[in-house]
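In: Kindly generate the corresponding structure for this input.
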Amino acid sequence: MGESKVATIIVQDRFEPSRETGREGHIFEDPKVAKHYAELYEEAKYEGRHRFDPEFEWEPEEEKVVKRKVEFGVLLWAFIMFVALDFDRNNLSQATADDMLTDLNLTTNDYNTGNTVNLVCFLLAELPSQLISKWIGPDRWIPIQMCVFSVIGISQSQLKGKTGFLVTRAMLGIFQGGFIPDVCLWFSYFYTSYELPLRFALFYAANPFTSAVGSLLSYGIFHLSGVNGWEGWRWLFFIEGFFTLVIGILSFGLMPASPCQTKTVFYRKSWFTERQEKILVNRILRDSPEKGLLNNRTAIDIRGLLIAIKDYDMWPIYLNRLVADLSPGPVSTYLSLTLRHLGFSPFNTALLSVPINVTSILTMICIPLLARLLKSNSLAFMLKAIWLLPCMIALRFWSGAQVDIWATYALLFIILAVPATGYQGVSWCSSNANSVKTRTVGTAIHNMGAQLAGIISANIYRKDDAPLYHRGNVVIIILVALEFVMNFYAYFYFKWRNSQKERKWSSMTPEEQVDYVHTTTDEGNKRLDFRFVL
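Out: A predicted model of the protein is given here:
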């Protein structure tokens, strides 16, 4: 039974629920394979190795209880932290609705420069931040990041001009960079490959959620204008920055290091019983055995870093993220300024952003569900391009754009309600890495693609193209078409790579397959018993 199982269980469908419920077939049923991995886990000093048990069984009801604890302890707190991050990261757009640029004698080009500086620093900090996180642990590094950038966020309430504006934009980028891949790495310690996409979707829902709540908060906070001699936007930076600082301090005691390391300054007892820890560890390892090949406090060496960067099989996913995040960026960044140009007051501008962001939360779930249905991320991602293309053509060539006020708002609403794909791309990156080192570095590089897209998109709408931005919208139309082509390419690339692996794998006898598992020097996604998610 063991040898034939190895040939079928290792190669499993990441769009189907994990079959490892404690009683059904899994990779470690073969004693030789189990012994081989046990030795590897011991050598790596994997933090959950003392809970690894190939013969351990549990009931589905027990697993539900454990997963519920993880949802409240990990997913919910990650969502709250992301909300706090986004308050400090995105409140600049809301501040512009309260005439911040005018008060500081800044132009829209200065605004673009500030966004560019922020994103460049954010991009440059991604990989170093992820490496620090892997070295000391996300549970330590993320709270440090949050406390530092919240103080910088608060300091924006004292801005006097262009220099201070650019300096704070740069500092925020440096200390916020890496936050998202850090949290995604933390997630991978608790969830299976099948569970991650929906959890990432819920985590990323913090983005439109924060924009919606932030718009409502800014509506109220702007009424503080004149209190203490401050404009409303100064109070916005101060209040939201202070909220982030509180969340950062609490995170020191609310982020567990791993399923087997849940004691913190706030929790003197473990979250889980010994049996529940065994359920968590074994369900994770039976889904992705490679997750035990590196301790969660182990730094990645230069060799591992270079291998991850040079992994050409990950490049289509990185390029996909870059192109995907380019298209709606300028429309989103300039929403407040566009609504002000249409004649809406600062308060109404803040309120009109709310329904757009609420709708975005609902549409976010479309991509992971469609990916499961089609069994392909790349095909599901094409929905975004199909959605955006006619809308952007209308925004560019329709004579009523920015003339017919409510029709223009409706068009902007549809454009910005497009299903986001970034979070599903993180899951795609994680699944196709098949290695802790590549997953750690790859997630950072993937998110760097988003920041690079932000840098480029921040300069698509220019002052000499205002207010209709005809030239900028033509550029976006071209980018949307390119996004469709990139997804088409990724689908057939991974299909071709899987067929290559399948031919070699199928040519082996069951005995040869078992021997390959024991003796191969192939690592990560280069293993013949691994299949890429399309």
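In: Please enumerate the helices of the stretch 401-534 of the chain.
Out: Counting by DSSP state H, counting those that start in this stretch, the stretch 401-534 of the chain has helices at residues 405-416, 422-433, 436-457, 470-506, 510-519.
In: Among the ones you listed, single out whichever gets nearest to residue 74.
Out: Judged by C-beta to C-beta, the one of the helices of the stretch 401-534 of the chain that comes nearest to residue 74 is helix 422-433, at 15.4 Å. Quick note: C-beta positions are derived from backbone N, CA and C, even for glycine.
In: Which secondary structure elements does that closest one sit against?
Out: On a contact count with 3 or more C-beta pairs under 8 Å, 6 or more residues apart in numbering; DSSP states H and E, helix 422-433 meets helix 179-188, helix 196-204, helix 315-326, helix 366-374, helix 377-397, helix 436-457.
In: Spell out the secondary structure type for residue 269.
Out: coil (DSSP: H, G, I helix; E, B strand; the rest coil).
In: Let the chain start at 9 from now.
Out: Let's use 9 as the start, then, which means that last one is residue 277.
In: residues making contact with stretch 464-481?
Out: Residues outside stretch 464-481 that contact it (C-beta atoms under 8 Å, 6 or more residues apart in numbering): 115-117, 120, 123-124, 127, 333-334, 337-338, 341-342, 346, 349, 400, 403-404, 409-410, 483-484.
In: Could you check how far the nearest residue to residue 279 once chain neighbours are set aside is from residue 256?
Out: Nearest residue to residue 279, sequence neighbours excluded (C-beta to C-beta, 6 or more residues apart in numbering): residue 270, at 4.0 Å. Counting by C-beta to C-beta, to the nearest Å, the separation of residue 270 from residue 256 is 20 Å.
In: now residue 90
Out: Distance, residue 90 to residue 256, by C-beta to C-beta: 12 Å.
In: Just the pLDDT for the most centrally placed residue in the chain.
Out: By C-alpha atoms, centre = their mean, the chain has its centre lying nearest to residue 431, at 4.5 Å. At residue 431, the predicted lDDT confidence score is 80.
In: same question, residue 243
Out: Note on residue 243: pLDDT of 95.
In: can you check residue 40 too?
Out: pLDDT, read off for residue 40, is 83.
In: Likewise for residue 153?
Out: Looking at residue 153, its pLDDT is 95.
In: And for the one helix or strand it maps to, what's in contact with it?
Out: Using DSSP states H and E, the element containing residue 153 is helix 146-163. Here helix 146-163 makes contact (C-beta under 8 Å, 6+ apart) with 89, 92-93, 95-96, 99, 137, 140-141, 176, 179-180, 183-184, 186-187, 190-191, 193-194, 245-246, 248-250, 252-253, 255-257, 259-260, 263-265, 272.
In: Only the buried residues of that helix, if you could.
Out: By 16 or more other C-beta atoms under 10 Å, the buried positions in helix 146-163 come out as 146-151, 153-163.
In: So residue 62, which state does it fall into?
Out: Classification of residue 62 using three-state DSSP returns coil.
In: State the distance from it to residue 518.
Out: Going from residue 62 to residue 518 by C-beta to C-beta gives 19 Å.
In: Next up, the contacts around residue 369.
Out: Going by C-beta under 8 Å, 6+ apart, residue 369 touches 213, 216, 217, 220.
In: Please state the offset of stretch 176-196 from the chain centre?
Out: Mean C-alpha position of stretch 176-196 versus that of the full chain (C-alpha atoms, centre = their mean, to the nearest Å) differs by 10 Å.
In: next one: stretch 213-231
Out: Relative to the centre of its chain, stretch 213-231 is centred 21 Å away, using C-alpha atoms, centre = their mean.
In: circling back to that earlier point, are any of the contacts of helix 146-163 buried, and which?
Out: Neighbour-count burial (16+ other C-beta under 10 Å) applied to the contacts of helix 146-163 gives 89, 92-93, 95-96, 99, 137, 140-141, 176, 179-180, 183-184, 186-187, 190-191, 193-194, 245-246, 248-249, 252-253, 255-256, 259-260, 263-265, 272.
In: Flag the shaky bits of this protein, pLDDT-wise.
Out: Per-residue confidence for the chain (pLDDT under 70) gives these ranges: 9-33.
In: nearest spatial neighbour of residue 284, skipping sequence neighbours?
Out: Leaving aside its sequence neighbours, residue 284 sits nearest to residue 74 (C-beta to C-beta, 6+ apart; 4.9 Å).
In: now the helices for the stretch 9-158 of the chain?
Out: Under DSSP H, counting those that start in this stretch, the stretch 9-158 of the chain gives helices at 10-17, 39-52, 68-78, 84-104, 108-111, 116-144, 146-163.
In: Tell me which of those helices sits nearest to residue 303.
Out: Closest to residue 303 of these is helix 39-52 (C-beta to C-beta; 5.9 Å).
In: Centre of the chain to the closest one, how far?
Out: Offset of helix 39-52 from its chain centre (C-alpha atoms, centre = their mean): 32 Å.
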